[in-house]
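In: Curious how this folds, go ahead:
(2 chains)
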Amino acid sequence: MIAIIDYGVGNLFSLKSSFAAIGQEAVVTSDPAVIASADRLILPGVGAFGDAAQKLRDTGMAEVVKEQAALGKPMMGICLGMQLLFDKSCEYGEHEGLGLIHGNIRPISEVIERGLKIPHIGWNALNFKKPSKLFKYISEGDCVYFVHSYYAADCAESTTATAEYSAELTASVENGNVYGCQFHPEKSGDVGLNILRAFCEI
Amino acid sequence: MITKRIIPCLDVKNGRVVKGVNFEGLSDVASPVELAKYYSSCGADELVFYDITASAEGRALFTDILTETARCVFIPLTVGGGINTVADFDRVLKCGADKVSVNSGAIRNPDLVYEAAKLYGDQCVVISADVKRVDGEFRVFAKGGRVDTGMEAIGWIKRCVDNGAGEVVLNSIDTDGVKGGFDIEMLDAVCRVVNVPVIASGGAGKIDDFLSLFQTLPKVDAGLAASIFHFGEVKIADLKRAMADSGIPTRL
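Out: Okay, the predicted model is just below:
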């Protein structure tokens, strides 16, 4: 069973449906007992980093996620959920993340060419940087769906794929049992479902 | 590089797709869910569902369909039609919509875009503008393109973007239905003043119209059409192959 961690941000309907589509049971929960009994965890997230990080702490989910990560349970952060795995973010002030992956969340405006649209929104191709179990059923150059204005920086060591938007933006990361996707696998058609399928086999 | 998006638009009334469609291998061509699945499998990059229902019963049926679609189609879903309040945003987002498109609602209530963007984020709010040339200027039309609001369009669209609209669908009433190509002049005028994705709508009749759109105006992000896809005059798989062959960044 997969636990999709519910800490009061975003709409988790599509995410839950995408697991159902690949024959996996997923529950949306904030119950530590359910999370502890799950085989895998998903940390979702949309909105602003500071607000989401605060909610994660207020609901007690930050501690739960860190405990589960230390126990070696496979977990995946998606979009803002991926960013929350990092040390800190500078989105509207400086905010602490979970520190499960080293690096910082910075505005994409710092690295992309002037005049390019922000957010980085739409389908973009994945450039593989390192082998990953997540890529078992997909190929380099496959497109996935992005919506974000901030990106993960200072994390070359954990970066497994990037997407080109005049600069190379971090698309996926991993550190041991902790995985993160900047894009939305649940909105990325068959490629996205295949990434979730691979995650369920880890 | 971000790929150019191809977006079929489905008008839904009382739970059924309005414009007649004819596809091989589709048993129920008027079922929005079946059609959405079909387009997704053909390579559509996104779907727009437009609710043209007037009754409350029809509206409830629409949200059921939305939920059912989001359960089995895993590409971005934009929903429009009858969006007048923040509560309307909430209603369709809960059913699995990713973006919400406002048109007459934003004309009636200029604060709607700002309020919705603050609550759900800019990326969630799409301003859909029906625009027509009147007396040498571009004018915003309301009520499905029937009523001239008297407002100059380019400035109005820019204000909506400044208020938080994260995307613009520009529907040219002048080229809509003519099938002679997109309204390049009007699209160019909008692209010059906004720095959010612009989706071209109205006028596509053949594959070449999409190619010349993206080649002439690289700032346009997507092409939207309805009947030419529904009637099979342009097949999405063929269109995307032609785009890729012409060097346009395309998701295949």
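In: which ones are touching residue B:130?
Out: B:103, B:140, B:141, B:142, B:144, B:145, B:171, B:173 (CB atoms under 8 Å, 6 or more residues apart in numbering or on different chains). Heads up, the C-betas are built off the backbone N, CA and C, glycines and all.
In: Look at the second one and give its secondary structure.
Out: Look at residue B:140: counting by DSSP: H, G, I helix; E, B strand; the rest coil, its state is strand.
In: Longest helix in chain A, please.
Out: If you go by DSSP state H, chain A has its longest helix at helix A:189-200.
In: from the middle of its chain, how far away would that helix be?
Out: 13 Å (CA atoms, centre = their mean, to the nearest Å).
In: tell me which parts of chain A are close to chain B?
Out: A:11, A:13-14, A:17-18, A:20-21, A:46-47, A:115, A:117-125, A:143, A:145, A:147, A:164-165, A:186-190, A:192-193 (CB under 8 Å from any CB of the partner chain).
In: repeat that with 6 Å
Out: A:11, A:13-14, A:17-18, A:117, A:119, A:122-124, A:143, A:147, A:164, A:187, A:189 (CB under 6 Å from any CB of the partner chain).
In: and residue B:106, what helix or strand is that in?
Out: Using DSSP states H and E, residue B:106 sits within helix B:104-108.
In: Can you pull up the most central residue in chain A?
Out: Geometric centre of chain A, nearest residue: residue A:78, 2.4 Å, by CA atoms, centre = their mean.
In: Verify the contact between it and residue A:181 for me.
Out: Yes - judged on CB atoms under 6 Å, residue A:78 makes contact with residue A:181 at a distance of 5.4 Å.
In: Give me the subset of the residues of chain A next to chain B that lies in strands.
Out: Among these, the ones falling in strands (DSSP state E) are A:122, A:123, A:124, A:143, A:147, A:164.
In: Now do the same contact list for the fifth one.
Out: Okay, so that is residue A:147. Listed by CB atoms under 6 Å, 6 or more residues apart in numbering or on different chains, the contact set of residue A:147 reads A:119, A:121, B:123.
In: quick one: it and residue A:91, what's the gap?
Out: 14 Å (CB to CB, to the nearest Å).
In: ok, which stretches of chain A are strands?
Out: A:2-5, A:26-29, A:40-43, A:75-78, A:86-89, A:95-96, A:101-107, A:120-125, A:127-128, A:143-148, A:150-153, A:159-165, A:167-175, A:178-181.
In: what does the average pLDDT come to for stretch A:168-185?
Out: Stretch A:168-185 shows a mean pLDDT of 98.
In: List the buried residues of it.
Out: A:168-175, A:177-185 (16 or more other CB atoms under 10 Å in any protein chain shown).
In: For chain A, give me its nearest residue in the stretch 151-252 of chain B.
Out: residue B:251 (4.0 Å; CB to the nearest CB).
In: for the closest residue to that residue other than its chain neighbours, which residues make a bridge with it?
Out: Spatial nearest neighbour of residue B:251, chain neighbours left out: residue A:143 (4.0 Å); criterion: CB to CB, 6 or more residues apart in numbering or on different chains. Beta bridges link residue A:143 to residue A:125 when assigned by DSSP bridges.
In: in chain B, what secondary structure element scores lowest on mean pLDDT?
Out: Sorting the helices and strands of chain B by mean pLDDT, DSSP states H and E puts strand B:16-17 at the bottom, at a mean of 86.
In: Run the chain-centre distance for stretch A:78-95.
Out: That offset, for stretch A:78-95, works out to 11 Å (CA atoms, centre = their mean).
In: Output that stretch as CSV, restricted to C-alpha atoms.
Out: Extracted in CSV, the C-alpha atoms of stretch A:78-95 (Å, rounded to 0.1, in the frame of the first residue of the first chain):
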residue,chain,number,x,y,z
ILE,A,78,6.5,15.4,-6.2
CYS,A,79,6.8,19.0,-7.4
LEU,A,80,6.8,21.2,-4.2
GLY,A,81,7.0,17.9,-2.3
MET,A,82,10.3,17.3,-4.0
GLN,A,83,11.5,20.7,-3.0
LEU,A,84,10.5,20.1,0.6
LEU,A,85,13.0,17.3,0.7
PHE,A,86,15.9,19.7,0.4
ASP,A,87,17.8,21.7,3.0
LYS,A,88,16.2,25.1,2.4
SER,A,89,14.4,27.4,0.1
CYS,A,90,14.6,31.1,-0.6
GLU,A,91,11.0,31.4,-1.9
TYR,A,92,9.7,34.6,-0.1
GLY,A,93,12.3,34.5,2.7
GLU,A,94,14.5,31.7,3.9
HIS,A,95,12.7,28.5,4.9
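In: Counting neighbours, which bits of it end up buried?
Out: Counting neighbours by 16+ other CB under 10 Å, stretch A:78-95 gives A:78-91, A:95 as buried.
In: Give me the contact list for that stretch.
Out: A:43-46, A:48-50, A:52-53, A:77, A:96-105, A:150, A:152, A:180-182, A:184.
In: Separate out the buried members of those residues.
Out: A:43-46, A:48-50, A:52-53, A:77, A:96-98, A:100-101, A:103-105, A:150, A:152, A:180-182, A:184.
In: Skipping its backbone neighbours, what lies nearest residue A:82 in space?
Out: Counting by CB to CB, 6+ apart, the residue nearest residue A:82 is residue A:180, at 3.3 Å.
In: what sits against that neighbour?
Out: Applying CB under 6 Å, 6+ apart, the residues near residue A:180 are A:77, A:82, A:85, A:173.
In: Most neighbours among the contacts of residue B:130, which one?
Out: residue B:103 (26 neighbours; other CB atoms under 10 Å in any protein chain shown).
In: Against chain A, how distant is the nearest residue to that residue once chain neighbours are set aside?
Out: Beyond its immediate neighbours in the sequence, the residue positioned closest to residue B:103 (CB to CB, 6+ apart) is residue B:128, lying 4.5 Å away. Applying CB to the nearest CB, to the nearest Å, the value for residue B:128 to chain A is 17 Å.
In: Then residue B:113?
Out: In terms of CB to the nearest CB, residue B:113 sits 17 Å off from chain A.
In: pretty sure that residue contacts residue B:165?
Out: Yes - Residue B:113 lies in contact with residue B:165 (CB under 6 Å); the separation is 5.1 Å.
In: near chain A, which residues of the stretch 1-150 of chain B show up?
Out: Near chain A, when you scan the stretch 1-150 of chain B using CB under 6 Å from any CB, you find B:1, B:2, B:3, B:45, B:70, B:71, B:74, B:75, B:76, B:93, B:96, B:123.
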